[in-house]
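>>> here is a sequence with its predicted model. Questions after.
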Amino acid sequence: MTVSAERAMAPGALAYAPARSDPGSRHKAIAYLPGVDGLRAIAVLSVLAFHLSARSLPGGFIGVDVFFVISGFLISSMLLSDIDRRSFSLVDFYQRRIARIAPAMFLVILLTLAAGRLLYSKQDFASLAANAGAAALSAINFKLLMQGSYFQISQDAQPLLHLWSLAVEEQFYLVFPIFLYLLVRFARRPLPVLLLCAAVSFALCVAVTLWRPPMAFYLLPTRAWELLAGAALALHRRGGGATPGRPAVLIAVGCGLLALSLVFVRERNFPGWPAAFPVAATALILLATGAGTDLLSRGLAHPAMVFLGKRSYALYLWHWPVFSFVDYALYSWPAPDRTLLKLAVATLGAFASYELFEAPARRLLNRPGNRGLAFGAFATAVLLVFAYGAFARSRDYLSADPHAIATGGIAANPAGTHGRVVVVGDSQGAMYGSELAAMAREGDFRLNVISAAGRNELDGQANSEWPHVRAYLQASHPDVIVVAEAWTEKYGADTASLTRAIAAIAPYGRRVLVLAQAPIAPATADRAAIRGGARAPFLEPAAEAGARRADTAALQAMRLSNVSIIEVADLLLDPGGGLRLFGPDRRLTYMDTTHLSDTGTALLHARLSTAIQKALPKR
């Protein structure tokens with residue numbers, strides 16, 4: 001799949017430590033290198049440029065590699081300073097990390113959740129909420145790994161995607177301080193040992209990238225070498241290592257290599273061995289930073305570059321959620337207008353939050369007497385965001401845990417007095433879960449959603465959960481069973497197997513309502529395509545339409561007294577045969593080519609609610 005600028009999501013491990021101590025901190029200042037802030041500015045600007053248009057800077061996503069090296073260099077420098085002064089303390093280290101990283105990150109997470117609640121479909125918000133919980137635990141990289149390639153995840157519905165890199169860093173710094181302390185105290189030659197660890201990690205990165213690129217991209221073992229490269233530079237400086245050669249030459253070579261990386265490195269099979277180029281470029285620049293007075297060194301240390309560099313963490317945190325929300329909500333706007341709005345909101349938000357919240361919070365939490373406040377506030381924020389994420393995920397997207405199918409899956413309105421309804425199926429059933437839960441509250445019936453996304457649940461299907469489904473249906477005696485699956489995908493032209501599966505479930509419900517499959521949307525019926533110029537009519541592909549109609553006709557031809565087929569296609573097609581892609585709220589009615597959004601299922605609310613009420617026992 002070709003990746004556009006809008007679909008790729010540049011990483012941004014901007015979790016750097018301050019180069020000089022904050023007021024009130026017990027951390028002794030280390031030598032401040034303004035060129036490092038200039039390098040940060042280059043990295044964050046490259047990320048922003050890439051996200052605005054990958055064609056303008058195809059390798060802009062390598063900014064994460066730059067930040068990983070900078071992070072390893074600065075934090076190792078501070079740790080080495082503490083170790084040498086016999087003042088090394090894990091508690092002090094983590095207090096500084098919390099003060100530096102947590103306030104701005106949690107502010108952005110909370111604002112992103114608030115905006116997502118207003119702008120997103122229920123399904124997309126459920127995903128956002130789950131990602132927020134994972135980000136709070138510094139584990140979002142693991143969750144994203146299960147979703148697939150970083151470069152192919154739907155970008156405008158993943159506003160916290162960029163926090164994967166912070167998760168990698170925090171996982172690294174859970175173990176690295178102790179490792180560095182033991183290395184410096186007990187190893188005769190710590191630098192070769194550190195370089196050996198980096199080499200092993202790099203070899204693993206190259207090997208895993210060839211096997212499974214998303215795993216190499218997201219996981220710490222295949223990214224640690226970049227942080228360790230910065231740590232090696234810090235060890236080199238601690239040992240009094242001189243800058244080899246002329247600083248001006250090193251800076252020039254590093255900047256040239258970085259420029260080539262930004263232009264020629266591509267996302268295909270990344271990180272792998274191509275990641276060595278931006279890492280080497282950053283190492284060369286850091287190696288000579290502060291030792292030269294040439295034009296490039298002065299440029300990196302220019303006040304404007306330093307200003308941006310100091311705010312690069314805020315810029316990184318803000319830009320991706322803002323870019324995502326603008327593209328999601330204003331997909332029909334011209335690209336230049338969206339670009340201006342993105343830059344304006346992200347820049348103003350980042351600068352304001354830095355001055356008004358991030359910097360004051362860092363000073364407050366860094367004070368020696370505020371250790372309890374720092375750890376307490378951090379733990380509270382983690383627990384609250386994680387709890388809310390789990391709650392919102394379970395409320396807005398009702399897909400049963402396969403292990404809970406036999407015990408009733410997800411219950412909605414359990415105190416209802418007007419009968420019991422059970423939903424059976426795959427992700428098509430889960431797609432209707434939220435709408436059916438609203439109907440349960442309106443109609444005062446009990447609802448159990450035992451449909452599970454990604455699973456087969458009917459008799460005769462491969463690896464089916466049918467035994468568990470049947471066990472629950474036998475025990476619960478539902479008044480109505482609602483069945484929804486991806487009929488054309490699961491059965492194709494095998495209508496005999498389809499009708500047998502429905503016949504097998506019919507004896508377990510007083511009434512069985514089978515939802516016919518919704519029309520299949522073309523690949524151009526999404527926000528990215530519309531941003532690229534796609535316009536109505538959006539027509540269902542002919543082959544898919546024919547298969548869908550054949551399956552629906554087979555269902556309608558069944559002669560089972562307690563089975564009814566609920567047709568939905570007429571509610572989702574306009575008189576000309578085009579998809580009703582836009583709901584009354586201007587949100588898309590489709591999540592993807594085969595799944596409706598909550599705006600789409602709302603179009604079916606009246607028909608489905610009426611059918612359920614007729615099927616339930618009379619009061």
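Yep, that arrived. Just so we're clear, the structure is a prediction, and the values are computed from it rather than from any experiment.

>>> in contact with Met387, which residues?
Just to correct that, residue 387 is Ala rather than Met. By CB atoms under 8 Å, 6 or more residues apart in numbering, the contact set of Ala387 is Gly133. C-beta: built from backbone N, CA, C; applies to glycine.

>>> Gly256 versus that one, what's the distance?
Per CB to CB, to the nearest Å, Ala387 is found 49 Å from Gly256.

>>> now do Arg441
For Arg441, the distance to Gly256 - CB to CB - is 64 Å.

>>> again, but for Ala43
Per CB to CB, Ala43 is found 16 Å from Gly256.

>>> how far away is Leu79 from Leu616?
Distance, Leu79 to Leu616, using CB to CB: 66 Å.

>>> with Cys197 instead?
Separation of Cys197 from Leu616 (CB to CB): 65 Å.

>>> list the buried ones in stretch 318-334?
318-331 (16 or more other CB atoms under 10 Å).

>>> from the residues you listed, which single one is nearest Ile481?
Using CB to CB, Tyr328 is the member of the buried residues of stretch 318-334 that sits closest to Ile481, with 35.5 Å.

>>> assign a three-state SS to that closest one, would you?
helix (DSSP: H, G, I helix; E, B strand; the rest coil).

>>> what's the longest helix in the chain?
Counting residues, the longest helix in the chain under DSSP state H turns out to be helix 90-119.

>>> and the next element down the chain from that one?
Sequence order places helix 122-136 as the next helix or strand after helix 90-119, per DSSP states H and E.

>>> name the residues that touch stretch 98-113?
15-18, 22, 128-129, 132, 135-136, 159-160, 163, 166, 170, 313-314, 317-318, 321, 353-354, 357-358, 361-362, 364-366, 374-375, 377-378, 381, 385, 388.

>>> return the subset of those lying in strands.
Taking DSSP state E, every one of the contacts of stretch 98-113 sits outside strands.

>>> and the helix or strand hosting Ser81 with helix 90-119, angle?
Using DSSP H and E, Ser81 sits in helix 63-84. Computed by axes from the mean of the first three to the mean of the last three CA atoms, to 10 degrees, the angle separating helix 63-84 from helix 90-119 equals 150 degrees.

>>> helix 63-84 packs against which elements?
Judged by 3 or more CB pairs under 8 Å, 6 or more residues apart in numbering; DSSP states H and E, the packing partners of helix 63-84 are helix 34-52, helix 90-119, helix 164-186, helix 224-238, helix 276-288.

>>> export the fourth one as PDB, just CAs?
The C-alpha coordinates for helix 224-238 follow below in PDB (Å, rounded to 0.1, in the frame of the first residue of the first chain):
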ATOM      1  CA  ALA A 224      17.400   0.900  22.200                       C
ATOM      2  CA  TRP A 225      20.500   1.200  20.100                       C
ATOM      3  CA  GLU A 226      19.500   4.800  19.100                       C
ATOM      4  CA  LEU A 227      19.200   5.900  22.800                       C
ATOM      5  CA  LEU A 228      22.400   3.900  23.600                       C
ATOM      6  CA  ALA A 229      24.200   5.800  20.800                       C
ATOM      7  CA  GLY A 230      23.500   9.100  22.700                       C
ATOM      8  CA  ALA A 231      24.500   7.500  26.000                       C
ATOM      9  CA  ALA A 232      27.900   6.400  24.400                       C
ATOM     10  CA  LEU A 233      28.500  10.000  23.400                       C
ATOM     11  CA  ALA A 234      27.900  11.100  27.000                       C
ATOM     12  CA  LEU A 235      30.300   8.500  28.300                       C
ATOM     13  CA  HIS A 236      32.900   9.600  25.700                       C
ATOM     14  CA  ARG A 237      32.600  13.300  26.900                       C
ATOM     15  CA  ARG A 238      32.700  12.200  30.600                       C
END
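
>>> list the contacts for the spatially closest residue to Thr282 that is not a sequence neighbour?
Nearest non-adjacent residue to Thr282, counting by CB to CB, 6 or more residues apart in numbering: Val69, 4.1 Å away. Val69 makes contact with Glu226, Leu227, Ala229, Gly230, Leu233, Val279, Thr282, Ala283, Leu286, according to CB under 8 Å, 6+ apart.

>>> helices of the stretch 301-450 of the chain, residue ranges please.
Along the stretch 301-450 of the chain, the stretches classed as helices by DSSP state H, counting those that start in this stretch are 303-310, 312-329, 335-353, 359-366, 371-396, 427-431, 433-443.

>>> on that earlier part again, could you list the buried residues of the helix holding Ser81?
The neighbour-count criterion (16+ other CB under 10 Å) identifies 63-83 as the buried residues of helix 63-84.

>>> ditto for stretch 494-506
Of the residues in stretch 494-506, Thr495, Leu498, Thr499, Ala501, Ile502, Ile505, Ala506 count as buried by neighbour count, 16+ other CB under 10 Å.

>>> chain center to the helix or strand encompassing the third one: distance?
Using DSSP H and E, Thr499 falls within helix 495-505. A distance of 38 Å separates the C-alpha centroid of helix 495-505 from that of its chain, computed with CA atoms, centre = their mean, to the nearest Å.

>>> quick check: mean pLDDT of it?
Regarding helix 495-505, the rounded mean pLDDT is 94.

>>> what is it packed up against?
If contacts are counted by 3+ CB pairs under 8 Å, 6+ apart, helix 495-505 sits against helix 466-476, strand 480-484, helix 487-491, strand 511-515, helix 542-556.

>>> mind listing the strands the second one pairs with, and their directions?
When you say that, I think you mean strand 480-484. If you go by DSSP bridges, strand 480-484 pairs up with strand 420-425 (parallel), strand 511-515 (parallel).

>>> in the last one, what's buried?
Just to be clear, that refers to strand 511-515. Arg511, Val512, Leu513, Val514, Leu515.

>>> which among the residues you listed gets closest to Leu398?
Distances from Leu398 to the buried residues of strand 511-515, taken by CB to CB, are shortest for Leu515, at 15.0 Å.

>>> my guess is that closest one meets Tyr432, correct?
Yes: at 7.1 Å, Leu515 and Tyr432 qualify as touching, with contact defined as CB atoms under 8 Å.

>>> in the protein, where is pLDDT below threshold?
Applying pLDDT under 70 to the chain flags the ranges 1-30, 148-154, 239-243.

>>> break this protein into its domains for me.
34-395, 398-615 (automatic domain parsing).

>>> may I have stretch 294-314 exported as PDB, CA atoms only?
Extracted C-alpha coordinates of stretch 294-314, given in PDB (Å, rounded to 0.1, in the frame of the first residue of the first chain):
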ATOM      1  CA  ASP A 294      31.700  27.900  12.200                       C
ATOM      2  CA  LEU A 295      28.500  29.000  10.300                       C
ATOM      3  CA  LEU A 296      26.600  25.800  10.900                       C
ATOM      4  CA  SER A 297      27.400  25.800  14.600                       C
ATOM      5  CA  ARG A 298      26.300  29.400  14.900                       C
ATOM      6  CA  GLY A 299      23.100  28.500  13.000                       C
ATOM      7  CA  LEU A 300      22.200  25.700  15.300                       C
ATOM      8  CA  ALA A 301      22.800  28.000  18.300                       C
ATOM      9  CA  HIS A 302      20.800  30.900  16.800                       C
ATOM     10  CA  PRO A 303      18.200  32.300  19.300                       C
ATOM     11  CA  ALA A 304      15.400  31.500  16.900                       C
ATOM     12  CA  MET A 305      16.500  27.900  16.700                       C
ATOM     13  CA  VAL A 306      16.900  27.700  20.500                       C
ATOM     14  CA  PHE A 307      13.500  29.200  21.000                       C
ATOM     15  CA  LEU A 308      11.900  26.500  18.800                       C
ATOM     16  CA  GLY A 309      14.000  23.800  20.300                       C
ATOM     17  CA  LYS A 310      12.900  24.600  23.800                       C
ATOM     18  CA  ARG A 311       9.300  24.300  22.800                       C
ATOM     19  CA  SER A 312       9.800  21.200  20.500                       C
ATOM     20  CA  TYR A 313       8.200  18.900  23.000                       C
ATOM     21  CA  ALA A 314       5.100  21.000  23.200                       C
END
